[in-house]
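Asker: Compute the structure for the input listed below.
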Amino acid sequence: YDPVDKIILARPHTIGEYRVDVKKAIPKDQRQFQAQQQEYAVQMQ
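Answerer: Down below sits the predicted model:
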């Protein structure tokens, strides 16, 4: 695992009094593709 994977697996994360969710960054073009797939799936229902 890379360092980010290790941090993601070590849950929960607390900074001060706040609970924080940690996620890996997704490239912008991949996010757009996922949004298009979700929109298509909603239209098919």
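Asker: Please give me every residue in contact with His13.
Answerer: His13 makes contact with Ile7, Arg19, Val20, Asp21, Val22 under the criterion Cβ atoms under 8 Å, 6 or more residues apart in numbering. Backbone N, C-alpha and C define where each C-beta goes, glycine included.
Asker: hmm, 6 Å instead?
Answerer: Residues counted as contacts of His13 (Cβ atoms under 6 Å, 6 or more residues apart in numbering) are Val20, Val22.
Asker: beta partners for it?
Answerer: On the basis of DSSP bridges, His13 is bridged to Val20.
Asker: Mean confidence (pLDDT) on the longest helix belonging to the chain, please.
Answerer: Looking across the chain with DSSP state H, the single longest helix is helix 28-44. The average pLDDT for helix 28-44 rounds to 81.
Asker: cool, stretch 7-21 as well?
Answerer: Across stretch 7-21, the average pLDDT comes to 88.
Asker: circling back to that earlier point, send the alpha carbons of the longest helix of the chain over as CSV?
Answerer: Taking Å, rounded to 0.1, in the frame of the first residue of the first chain, the C-alpha atoms of helix 28-44 are listed here in CSV:
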residue,chain,number,x,y,z
LYS,A,28,-11.1,15.5,-13.2
ASP,A,29,-11.8,13.6,-16.5
GLN,A,30,-12.6,10.4,-14.5
ARG,A,31,-15.0,12.3,-12.3
GLN,A,32,-16.8,13.7,-15.3
PHE,A,33,-17.0,10.2,-16.8
GLN,A,34,-18.5,8.8,-13.6
ALA,A,35,-21.1,11.6,-13.5
GLN,A,36,-22.1,10.9,-17.0
GLN,A,37,-22.5,7.2,-16.2
GLN,A,38,-24.7,8.0,-13.2
GLU,A,39,-26.8,10.4,-15.2
TYR,A,40,-27.3,7.7,-17.9
ALA,A,41,-28.3,5.1,-15.2
VAL,A,42,-30.9,7.5,-13.7
GLN,A,43,-32.4,8.1,-17.2
MET,A,44,-32.7,4.4,-17.8
